[in-house]
Structure formats: C-alpha cells, structure tokens
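Chemist: Sequence first, predicted model second:
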Amino acid sequence: MWPGEEQEACRQLVAPPLLSRHGQHDGCQVSGSSATPCEVRLVLPYPPSANTYWKPSRGRGLVPSGEALAYKATVARLVAATGAQPLAGPVRLSLTAFRPRRVGDLDNTLKVLGDALNGLAWLDDEQVVAIHAERADDAKAPRVELVATAKRHATPEEAAAHRQARAERAAKARATRNRNRAAKAKGQVSRKRLADLATPAVKRVRVGGAVG
C-alpha cells in the first residue's frame, strides 16, 4: 500500500478539472472544422514493478497481485478526482516516468500503467493508438506525469455500458473456468474408478497367469 504522505503529495500534483458548460472535463470544444482535443491529465504515484504487479494463478495465468490492486485503487481515486469520464475513440498518450531508483525499464512501466488506467482514463486499452514516453529519475518524488487525449469523452451512459460489458465478460470467464475445473475433477474421479476396477484383474493375471 502506498504511504499516506506519498498519496497526498500526488493528489496535490493532479491538475484540477476544468468543466465545460456541458459539465464535461477540460472544456474540449468543436468549433467549425477545428477541434480542441479532450484530455485526461494526471500525476500518479510511480507504479510497482511488473515482476510484483502480476502473480501466477492456477487455471488463470497471470492476475493482478495485492500490490497491483492497491495501486489500481489509488489510480481510480485520482482519476475520479478529476471529474472526467473515460476518453472515447482513438487515444494518444504522452508521459514521463520519474523513477525512484535507476532500475526498471520503461516498457514494463508502460504495461503496468496501461493496465491500471484501462477503463478509467479510457474505455479500453485497444483505443490507444500512439504513445510518447520518456524516463527520468527523481528519488525525492517518484511519479508519472501523463496526458491522454482524444476527440471526446465517453458519455456517462457509454462508460456505464462498458463497465457492465466488462463485468459480464469477467463473469462468463469465471463460469467457464469453474466448468473446466469441475469437468477435470470429474475426469480424474472417473479415471480413478476405472483404475480401481482394473486392479483385481491385473492381480489375477499376475497370480494365475490368465484372467478367468
């Protein structure tokens, strides 16, 4: 879990939301043929290492660890503080990651950030079409400064529908895993029963030389 002081420092760095007359974050507008991109601008705590962010789970591959879930919860609170809906349509992401130490590669940092921001800064990670990322070092204030832009924000209804669809997909995946586990367990029991039934015949062959 992130220390309280670090969380508070990061909250103070988050750019305050700018609301348009429609109540939408950052006042993105369309005027004639020109458009001002909508954006989600954040300063986040530096993320956990990819090695500790995911953990193996039997039958599920890699899943977020406890440390990952704590980080995702922190990101969710910071995104909610901006008052912004997730971005809709193609997203362009620009960021600078300030490392606490001179270890860790930028590629893994991007993977962790993408997972933590998915469904929050944008609806789905497949929307991200361009990434400009830089790495720097700041032992006193490790963080990630980022700006994600798109032509528009999702409506509250679109965001809610997307969350519902994700929940349904997750529930379907859980049901499939449970059926597979049950089928595997049933198959193991059936094989054991067959082995038990075959055991007396095997013994008779060994003792008498023939089964009968």
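Modeler: That came in fine, so what should we check first?
Chemist: longest helix of this structure?
Modeler: When every helix of the chain is counted residue by residue (DSSP state H), the longest turns out to be helix 156-208.
Chemist: quick one, domains of the chain?
Modeler: Domains of the chain are assigned by automatic domain parsing as 4-153, 155-212.
Chemist: and the ones you listed, which is most packed in?
Modeler: domain 4-153 (a mean of 16; mean count of other CB atoms under 10 Å). Yep, even glycine has a C-beta here, placed from its N, CA and C like the rest.
Chemist: quick one on the thing from earlier: can you tell me which of the domains of the chain the model trusts least?
Modeler: Among the domains of the chain, domain 155-212 carries the lowest mean pLDDT, a mean of 73.
Chemist: so what's the residue positioned nearest the centre of the chain up against?
Modeler: Most central in the chain under CA atoms, centre = their mean is residue 115, positioned 2.9 Å from the mean C-alpha point. Residue 115 sits next to 53, 64, 68, 72, 125 when contact means CB atoms under 8 Å, 6 or more residues apart in numbering.
Chemist: wait, what's in contact with the last one?
Modeler: Pointing back at residue 125 there. By CB under 8 Å, 6+ apart, the contact list for residue 125 reads 114-115, 118.
Chemist: can you map out the strands along the chain?
Modeler: Here the chain has its strands, by DSSP state E, at 30-31, 34-35, 38-45, 54-57, 61-64, 87-88, 91-99, 128-137, 143-150, 152-153.
Chemist: What helices and strands are in contact with the fifth one?
Modeler: It refers to strand 61-64. Contacts defined by 3 or more CB pairs under 8 Å, 6 or more residues apart in numbering; DSSP states H and E place strand 61-64 against strand 54-57.
Chemist: any idea how far the longest helix of the chain is from the chain center?
Modeler: Here helix 156-208 shows a centroid-to-chain-centroid distance of 27 Å under the convention CA atoms, centre = their mean, to the nearest Å.
Chemist: now do stretch 123-135
Modeler: Distance, centroid of stretch 123-135 to centroid of chain: 13 Å (CA atoms, centre = their mean).
Chemist: Looking at the strands of the chain, which is nearest to residue 197?
Modeler: Judged by CB to CB, the one of these that comes nearest to residue 197 is strand 54-57, at 35.4 Å.
Chemist: For that closest one, which helices and strands make contact with it?
Modeler: The contact analysis (3+ CB pairs under 8 Å, 6+ apart) places strand 54-57 against strand 61-64.
Chemist: contacts for the strand it packs on?
Modeler: The contact list for strand 61-64, computed with CB under 8 Å, 6+ apart, reads 53-57, 72, 115.
Chemist: which two in those are spaced the farthest apart?
Modeler: For the contacts of strand 61-64, the maximum inter-member distance is 18.5 Å, found between 56 and 72 (CB to CB).
Chemist: mind listing what the residue nearest to residue 137 when sequence neighbours are not counted touches?
Modeler: Take residue 137 and drop its neighbours on the chain: the residue closest to it by CB to CB, 6 or more residues apart in numbering is residue 99, 5.1 Å away. By CB under 8 Å, 6+ apart, the residues touching residue 99 are 46, 135-138, 142.
Chemist: Do I have it right that residue 141 meets residue 98?
Modeler: Yes. Between residue 141 and residue 98 there is a contact under CB atoms under 8 Å: 6.8 Å.
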